[in-house]
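Novice: from the sequence below, what's the structure:
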Amino acid sequence: MFDDALNFHTTTTSEFLHNCSRTRNLRAVQQFYAHVLRAGLFLISPRLQTELVSTYAAFFNSDNSLKILTHFFKCFSLGNPLPFNSIISHYSQRGSGCFALHTFSFMHYNGVYVDSYALCSSLKSASCLKNGGMMHAYVEKSGWLASVFVGSALLDFYAKLSLMEDAAMVFDEIPNRNTVCVNALISGYAEAKMWGGAIGIVLRMPMLNLGVDNFTLASALRASSGLCNLELGKQIHARIVCGIGNVGADVFLQSLLIEMYGKCGLVDCAEKVFHTVGYRVKERQRDVVLWTSMLGVYGRTGNYTKVIRLFKDMVTTEGIKPDGVVFLTVISACGHSGQVDLGMEYFESMGRDYELVATQEHYSCVVDLLSRAGELERACKLVGEMPFIGNERCAISMWGALLNACNECGNVNLGKIAARKALELEPNNVGIYVLLSNMYAKNGMWAEIEQLRELMKRKGLTKEIGWSSIRGEFSNR
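Specialist: Residues are numbered from 1 along each chain as shown. Predicted structure coming up:
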């Protein structure tokens, strides 16, 4: 058996160790390790080293696993960084950042050569653990910041922690920047919803003599959508057409264009992008992303009839399998257009026809569908029969939707039940208190409102003051 497992040209070794890990068969792993040592194969195969070390260490708790890793590392040649790099990469890709950084620490302490590969993988692990200050110091002192790969990894580390000032500082310190560095910074700004920062970097790219690629343009489109900046979105669209030509060849750019025009209120422009020649290309014809984007535009702009019509075309005419996001949009459209039976049919078809599992969001959408139609008892029954357990069973959004519907329909008793259920899940949810107060006020229940205010005061809860942002242009005349 062991001889077969040592055939490195197949997946036998991986399967054997995986089965040992799955069945918690530590003795088999120990026997295999002894066999590998006797055969003299442990030190000549980095792949075997990585799989055997990670499997063996996984049998123990965190502290003991670190000790076992150190024991294995002492068997390696300190002059060869390859097995260490392989182990760091293995743990980094599987989300075990603590073990990856322990390996890096061993390398640094014992004088093993640290290359860009080890640094990039370790920085990725450090971002997951939100702890990389010492890594930054090492990069600076060792001179690795001159490497565009390490610089980009360090920049990405700060971006993933939403520390965009630090990310921008690293970007400015990288001596040899390329488009990858810029994309990492733009992506960080986009994830932090700092749209102005993302656009600012895009506008600086010509001065930095850096070209743009599809990822850059996609991030710029996200930023223009976030700002609802139509003029900027049009400029990016023109840049895409001039630089790429066939917009339809990139389904994600096309999808982002649709969403950008939709958020800016230009549904006709979104439709034109949706119906470009690239959409008709056979390999793109069945891409659910484009349909989801267009359905979302119709839904956000209140074109609920078009949502249902497009969904029928998508499923019946094109034969595309919808995903969970599509069903959220179409069920919501049924609720806004008063088509309760059709919405319930779509909801039931998720599991019956498409083998999709309904999530909290889907149930919340159906509750809203029933509530809008005044079928409050049916909605309450649905929440009670949900197949979730624990906190998921009575999601706050569902009880909130039901409470709001009770306010609209004047069903105070059921509204109180919905509010109580919601506050059991989230006792300090100000929105629920506000909805409950509105329901009391609408029905002239002033004593209950006073009690509610006293309760909020004791809890230290206050309603957040509303605000809005308006983009304008000014000129001195």
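Novice: report the contact partners of the nearest residue to residue 407 once chain neighbours are set aside.
Specialist: Spatial nearest neighbour of residue 407, excluding adjacent residues (CB to CB, 6 or more residues apart in numbering): residue 439 at 4.1 Å. For every residue, glycine as well, the C-beta is placed using N, CA and C. Shown in contact with residue 439 (CB atoms under 8 Å, 6 or more residues apart in numbering): 403, 406-407, 412, 415.
Novice: in the protein, which segments are predicted with low confidence?
Specialist: Within the chain, the ranges that satisfy pLDDT under 70 run 1-11, 42-46, 57, 60-63, 132, 244-249, 277-286, 388-395, 464-477.
Novice: hey, where'd the strands end up in it?
Specialist: Counting by DSSP state E, the chain yields no residue ranges for strands.
Novice: return the residues in contact with the spatially most central residue of it.
Specialist: The residue lying closest to the centre of the chain (CA atoms, centre = their mean) is residue 191, at 9.4 Å. By CB under 8 Å, 6+ apart, the contact list for residue 191 reads 159-160, 162.
Novice: who's in contact with residue 122?
Specialist: For residue 122, the contacting residues are 88, 92, 100-101, 104, 135, by CB under 8 Å, 6+ apart.
Novice: wait, which of these is closest to residue 310?
Specialist: In terms of CB to CB, no member of these lies closer to residue 310 than residue 92, at 42.0 Å.
Novice: returning to that earlier point: turn the contacts of residue 122 into JSON lines, columns for neighbour count.
Specialist: Below are the contacts of residue 122 laid out as JSON lines (neighbours: other CB atoms under 10 Å):
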{"residue": "88", "neighbour count": "28"}
{"residue": "92", "neighbour count": "25"}
{"residue": "100", "neighbour count": "27"}
{"residue": "101", "neighbour count": "24"}
{"residue": "104", "neighbour count": "27"}
{"residue": "135", "neighbour count": "21"}
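Novice: tell me the one of the contacts of residue 439 nearest residue 365?
Specialist: Distances from residue 365 to these, taken as CB to CB, are shortest for residue 403 (16.0 Å).
Novice: can I assume that closest one is in contact with residue 423?
Specialist: No: assessed by CB atoms under 8 Å, residue 403 is found out of contact with residue 423, at 10.1 Å.
Novice: mutual contacts of these two, please.
Specialist: Counting by CB under 8 Å, 6+ apart, the shared contacts of residue 403 and residue 423 are residue 432.
Novice: what about these two, which has more around it?
Specialist: It is residue 403, of residue 403 and residue 423, that has more neighbours when counted by other CB atoms under 10 Å, with 27 against 17.
Novice: out of the contacts of residue 439, who's the most crowded?
Specialist: Using other CB under 10 Å as the neighbour criterion, residue 403 leads the contacts of residue 439 with 27 neighbours.
Novice: tell me how many other residues crowd the residue nearest to it when sequence neighbours are not counted.
Specialist: Using CB to CB, 6+ apart and skipping residues adjacent in sequence, the residue nearest residue 403 is residue 418, 4.1 Å away. When neighbours are counted by other CB under 10 Å, residue 418 registers 32.
Novice: got the contact list for residue 418?
Specialist: Shown in contact with residue 418 (CB under 8 Å, 6+ apart): 380, 399-400, 402-403, 406.
Novice: try residue 23
Specialist: Counted by CB under 8 Å, 6+ apart, residue 23 has zero contacts.
Novice: return the distance of it relative to residue 64.
Specialist: To residue 64, residue 23 is 20 Å away according to CB to CB, to the nearest Å.
Novice: next one: residue 17
Specialist: Residue 17 is 19 Å from residue 64, by CB to CB.
Novice: looking at the two, which is more packed in?
Specialist: For the pair residue 17 and residue 64, the greater number of neighbours falls to residue 17 (22 against 11), based on other CB under 10 Å.
Novice: please name the nearest non-neighbouring residue to that one.
Specialist: In space, and not counting its chain neighbours, residue 17 is closest to residue 55: 4.4 Å by CB to CB, 6+ apart.
Novice: between the contacts of residue 418, which is nearest residue 209?
Specialist: Nearest member of the contacts of residue 418 to residue 209, counting by CB to CB, is residue 400, at 52.0 Å.
Novice: hang on, isn't that closest one packed against residue 425?
Specialist: No: counting by CB under 8 Å, residue 400 stays clear of residue 425, with 10.0 Å between them.
Novice: quick one, which of those two is more surrounded?
Specialist: Shown here are residue 400 and residue 425; by other CB under 10 Å, residue 400 has more neighbours (22 against 17).
Novice: contacts only, for the more buried one.
Specialist: Residue 400 touches 418, 422, 429, 431-432, 435, counting by CB under 8 Å, 6+ apart.
Novice: CSV please, covering those and showing distance to residue 348.
Specialist: Output for the contacts of residue 400, formatted as CSV (distance: CB to CB, whole Å):
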residue, distance to residue 348
418, 24
422, 26
429, 31
431, 30
432, 29
435, 29
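Novice: buried subset of these, written for ChimeraX?
Specialist: To isolate in ChimeraX the members of the contacts of residue 400 that are buried, counting by 16 or more other CB atoms under 10 Å, one can use:
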select :418,422,429,432,435
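Novice: which one of the contacts of residue 400 sits closest to residue 228?
Specialist: residue 431 (24.7 Å).
Novice: take the contacts of residue 400 and keep only those in helices.
Specialist: Mapping the contacts of residue 400 onto helices (DSSP state H) picks out 418, 422, 431-432, 435.
Novice: over to the closest residue to residue 324 other than its chain neighbours: give its phi and psi.
Specialist: Spatially, and ignoring its direct neighbours in sequence, residue 324 is nearest to residue 356 (5.8 Å; CB to CB, 6+ apart). Phi and psi for residue 356, reported as degrees, to the nearest 10, are phi -100, psi 140.
Novice: residues contacting residue 356?
Specialist: With contacts taken as CB under 8 Å, 6+ apart, residue 356 has the following neighbours: 323-324, 327, 350.
Novice: cool, and residue 266?
Specialist: residue 230.
Novice: helices of the stretch 201-350 of the chain, residue ranges please.
Specialist: Counting by DSSP state H, counting those that start in this stretch, the stretch 201-350 of the chain has helices at residues 214-227, 230-244, 251-263, 267-274, 277-280, 282-285, 288-300, 304-312, 324-336, 340-354.
Novice: export those as JSON lines, with columns for mean neighbour count.
Specialist: Formatted as JSON lines, the helices of the stretch 201-350 of the chain follow (neighbours: other CB under 10 Å):
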{"stretch": "helix 214-227", "mean neighbour count": "22"}
{"stretch": "helix 230-244", "mean neighbour count": "16"}
{"stretch": "helix 251-263", "mean neighbour count": "24"}
{"stretch": "helix 267-274", "mean neighbour count": "19"}
{"stretch": "helix 277-280", "mean neighbour count": "14"}
{"stretch": "helix 282-285", "mean neighbour count": "11"}
{"stretch": "helix 288-300", "mean neighbour count": "22"}
{"stretch": "helix 304-312", "mean neighbour count": "19"}
{"stretch": "helix 324-336", "mean neighbour count": "22"}
{"stretch": "helix 340-354", "mean neighbour count": "16"}
